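Novice: From the sequence below, what's the structure:
(chains A and B)
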Amino acid sequence: MANGLDLVWPNEGVTRVPYQLYTRADVYAEERERIFMGAVWNYLCLEAEIAAPGDWRATFVGDVPVVVARDMDGSLNAFENRCAHRGALICHKPCGNSARVSCVYHGWTYDLKGNLTAVTFQRGINGQGGMPADFKLADHKRRALRVSSYAGMVFGTFSVEAPSLETYLGPEICGRIERVMKKPIKILGYNSQILPSNWKLYAENVKDPYHASLLHAFFTTFRLNRLSAEGGIIIDDSGANHVSYSKAATDRVSAEYDKADLRVKREGFHLADPSIIQGRDEFGDGITLQILAVFPCFIVQQIQNSLCVRQLVPRGLTETELLWTYFGFQDDDEELLNLRIKQSNLVGPGGYISMEDGAVGGFVQRATPGSGRDNEVIEMGGREWKSQQTRATESPLRGFWKTYREHMQL
Amino acid sequence: MDEIAVQFEVERLLARYVACIDQDRLEDWPGFFTETCRYQIISSENHEAKHPIGVFFADSRAMLADRVAALRQANVYEAQRYRHLVSSTLVLSHADGIVVAQSNYQVIRIMHDGATMMFSTGRYLDRIDLKGPAPLFAEKLVVFDSRRIDTLLAIPL
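Specialist: The predicted structure is shown next:
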C-alpha cells in the first residue's frame, strides 16, 4: 500500500466507494496531508473580500488554518495561521485590515507575507532575558501558500507540484466560471451550516446530478429543474472539476417522470406568490441552473439569479462546516437585487432546494455502523467519468473519486 | 392605548405567535402578519454588516403561506419541533397605531428521537400594526446570534 493505509480499493474501481472512508480517523489525517496540503488548489476567499491593501481574512485549507491577505503592495498572499513561537492562531478574528498581524499570546508580529518581523522583548528588559543573540527572525517565516486568483476568486496551494490554477481548472471550467463572474461583484451575505457528516458526503452530493430533482421536490414540482430539461454535464480532463447545467424553459413532458412513482410528483401544488421563481436571464443564454465544483471543496452556484460560492471546511471526521457567500454585481439594479434576495430562499441552510442536502449526508454517516467492507454503488450513466448530455448520471461523482484515489494513492 | 395596554398587546401577540409554531399549527402562522409584511431570518453578522441576504425572506403573507406549503408538501426534513422562550420585550416606540418592539428569543429544537439542542437564540425586531381588529406583524426581523445553523432550518423562528 503506497499510502500506508490498510485499505484496498475495490477491483471495480470508481464505481465502488468504501464506507470506511467516512469513518476512519487515519483516512481523515491522510486527506489533510495528501489532498488539502497536496497538489490541489483550495478556495480561500473572493478578491472582493480583500479588496484594499492590508485586508486579511482567516480561513481554512481543509481544516488547516490559514491567513489570506492583500499585502500593502497589492499582491495576494496566504500563509499558515499558526505562530512560530508556541503555535497559537496568529489571527483569531475572522478578518481585519492592518499592515502587520500579531499573535495575542506573546505579541510576535508578522507582515502580510508571513515573515516574522518582530519578537516582543527580543533583546530582553534592562539587559536581562530576551532571545539568544543568534536567533534570526528570518528563520521563522510562516509556511506560505502559492496564491492565484481567477475571475475574482482567490485560491491557494501548499504544493510546489500543483500545475497553474488555470491548468488545474481546465479551459471549459474556466469558461463556465467566467460566465458567472462576468462583472465586479458585491457581497450580499453569508451563512454557515454545520453538516453532521464527513466532508466527502457533501462534496459527493454536489457531484451527483442524479439526486437533484429526486431529493429536492420543490424544484421538480415547479419544473425549475427536472432531469428532462435540456442540460448536461461538463467534466474537465482530469475528472476533478465539473459543471452541471440546465435550462428550465426547455423542460418537456417526460414519459419517465409520469411513469415513475416519485415522491416529488405532487398534484395541485402551486405558489401563492410566484415572484420567487420569476427570474431574469441575466447571462443571456437561458441557463437557469449552473452548479460548478472544483476539487476538493469549492462550489460556484447560479440558480436563476441566486449567485453564491460555497466552501466546505472539515471540522473533524464526522462534522463539516458549509460556508455560503452570496453575491451580486456592483451595477445590479434594484429589481435584480430584490430577485437575488427572494431567490436566496432557494438555497442556504433553510433553502427550498438545498435544506435536504444538510441532512442527507448525515443519513449516510449514521448508517455506516456495520457497513464493514461494504461499498457504495455508483453506476448511473455508466462506469466512466466523461462529460455527458444528460444529468441522469453520476459521471462527475466518478470523476471525484478518480481524483481522490490519485491524491490518496489508493 | 396606554403604555401597559400596549405592552400587554405586544406580549400576547408574541405568546400566540410562538405557541402557533411550537404546536405545529404552521398553517395559522401567516395569519400573524399583514398582507404586505416583511419577514426575514438573518444572522446578526449579516444584519450588522447591512447585508441584505439571510436565511429566509418574505415580503408578502403569500410567501409565508408558500413556505408552509413547501414544508408540508415538498421539503424533506426529519420530524422535529421547537420550544420558543421569549423574554425581555421592550416597546421602543408607539405612534399612529404602529408599535416598534424588540424581544429576546431562544429556540430549543427537539428531534423525533429525543435529541434536544439549543438551536437558535437572538432578537425579534418587530413592527406591529395595532390598527386592525387583531394586532399583526407588519415587519418581523429574526436576528439570530450565532452565524452557524445546525444541519438545516426548516420550521420558521
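Novice: and the stretch 151-300 of chain A, which residues reach chain B?
Specialist: Contact residues, the stretch 151-300 of chain A versus chain B (C-beta under 8 Å from any C-beta of the partner chain): A:187-196, A:215, A:217-218, A:221, A:264, A:266, A:269, A:271-273, A:275-276. In this view, the C-beta of every residue, glycine as well, is placed from N, C-alpha and C.
Novice: at 7 Å what do you get?
Specialist: With C-beta under 7 Å from any C-beta of the partner chain as the criterion, the stretch 151-300 of chain A comes near chain B at residues A:187-196, A:215, A:217-218, A:221, A:266, A:269, A:271-273.
Novice: just the buried members of those residues?
Specialist: Of the members of these, the ones counted as buried by neighbours, 16 or more other C-beta atoms under 10 Å in any protein chain shown, are A:187-196, A:215, A:217-218, A:221, A:269, A:271, A:273.
Novice: Which helix runs longest in chain B?
Specialist: What stands out as the longest helix in chain B, according to DSSP state H, is helix B:3-22.
Novice: which other residues reach that one?
Specialist: B:28-29, B:32, B:81-84, B:86, B:89, B:91, B:94, B:99, B:101, B:103, B:128, B:130, B:135, B:155-156 (C-beta atoms under 7 Å, 6 or more residues apart in numbering or on different chains).
Novice: Contact partners for the residue in chain B that chain A sits nearest to?
Specialist: Closest residue of chain B to chain A, C-beta to the nearest C-beta: residue B:53 (3.2 Å). Counting by C-beta under 7 Å, 6+ apart, residue B:53 touches A:188-189, A:326, A:341, A:344, B:46.
Novice: all strands for chain B, in order.
Specialist: If DSSP state E is used as the criterion, the strands of chain B fall at B:33-43, B:56-58, B:80-95, B:98-111, B:116-129, B:136-144, B:148-150.
Novice: Tell me which residues of the longest helix of chain B come out buried.
Specialist: For helix B:3-22, the neighbour count (16+ other C-beta under 10 Å) marks B:6-7, B:9-11, B:13-14, B:17-18, B:20-22 as buried.
Novice: Quick one: find the helix or strand in the chain with the lowest mean pLDDT.
Specialist: No chain in the question, so chain A it is. Taking mean pLDDT, DSSP states H and E as the measure, helix A:255-259 is the helix or strand of chain A with the lowest mean score, a mean of 60.
Novice: Chain B is the one I meant
Specialist: Going by mean pLDDT, DSSP H and E, chain B bottoms out at helix B:61-73, a mean of 95.
Novice: Centroid-nearest residue for the chain?
Specialist: Assuming you mean chain A. residue A:298 (2.0 Å; C-alpha atoms, centre = their mean).
Novice: ok, residues contacting stretch A:49-58?
Specialist: Stretch A:49-58 is contacted from outside by A:45, A:65, A:67-72, A:74, A:81, A:91, A:93-99, A:101, A:112, A:187, using C-beta under 7 Å, 6+ apart.
Novice: Name the nearest residue to residue 104, ignoring sequence neighbours.
Specialist: Just going to use chain A. Nearest residue to residue A:104 in three dimensions, chain neighbours excluded: residue A:92, at 6.6 Å (C-beta to C-beta, 6 or more residues apart in numbering or on different chains).
Novice: Chain B is the one I meant
Specialist: Take residue B:104 and drop its neighbours on the chain: the residue closest to it by C-beta to C-beta, 6+ apart is residue B:88, 4.7 Å away.
Novice: Restricted to strands, list the residues of the stretch 151-300 of chain A next to chain B.
Specialist: A:187-195.
Novice: returning to that earlier point: of the contacts of helix B:3-22, grab the buried ones for ChimeraX.
Specialist: Command for ChimeraX that selects the buried part of those, burial taken from 16+ other C-beta under 10 Å:
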select /B:29,32,82,84,86,89,91,94,99,101,103,128,130,135,155,156
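Novice: Give me every residue in chain B lying close to chain A.
Specialist: Residues of chain B lying near chain A (C-beta under 7 Å from any C-beta): B:43, B:45-46, B:51-57, B:60, B:62-63, B:65-66, B:69-70, B:73-78, B:147-154.
Novice: Which of those residues are buried? Put it as a PyMOL command.
Specialist: The buried subset of the residues of chain B next to chain A, as determined by 16+ other C-beta under 10 Å, is captured in PyMOL by this line:
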select buried, chain B and resi 43+45+46+51+52+53+54+55+56+57+60+62+63+65+66+69+70+74+75+76+77+147+149+150+151+152+153+154
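Novice: From residue B:25, how far out is the residue in chain A that chain B sits nearest to?
Specialist: Residue of chain A nearest chain B, by C-beta to the nearest C-beta: residue A:189 (3.2 Å). Taking C-beta to C-beta, to the nearest Å as the measure, residue A:189 falls 30 Å from residue B:25.
Novice: ok so, going back, isn't the residue of chain A closest to chain B right next to residue A:327, touching?
Specialist: No - in this structure residue A:189 lies outside contact range of residue A:327 using C-beta atoms under 7 Å: 8.6 Å.
Novice: For stretch B:82-101, the averaged confidence score.
Specialist: Averaged across stretch B:82-101, the pLDDT comes to 98.
Novice: Run the chain-centre distance for stretch A:156-172.
Specialist: Relative to its chain's centre, stretch A:156-172 lies at 15 Å (C-alpha atoms, centre = their mean, to the nearest Å).
Novice: Next, find the distance separating residue B:131 from residue B:9.
Specialist: Residue B:131 is 12 Å from residue B:9, by C-beta to C-beta.
Novice: Next: residue A:320.
Specialist: From residue A:320 to residue B:9 the distance is 45 Å (C-beta to C-beta).
Novice: The residue nearest to residue B:104: how many residues sit nearby?
Specialist: 9 (other C-beta atoms under 10 Å in any protein chain shown).
Novice: just residue A:278 next, same as before
Specialist: 12.
Novice: Equivalent analysis for the one 3 residues further on, please.
Specialist: Residue A:281 is surrounded by 13 other residues when neighbours are defined as other C-beta under 10 Å.
Novice: Distance of it relative to residue A:218?
Specialist: Per C-beta to C-beta, residue A:281 is found 21 Å from residue A:218.
Novice: again with residue A:345
Specialist: Counting by C-beta to C-beta, the gap from residue A:345 to residue A:218 is 10 Å.
Novice: and if you look at residue A:83?
Specialist: 47 Å.
Novice: now residue 84, nearest residue through space, not along the chain?
Specialist: Picked chain A for this. residue A:140 (3.9 Å).
Novice: look at chain B instead
Specialist: Nearest to residue B:84 is residue B:18, by C-beta to C-beta, 6+ apart, at 3.6 Å.
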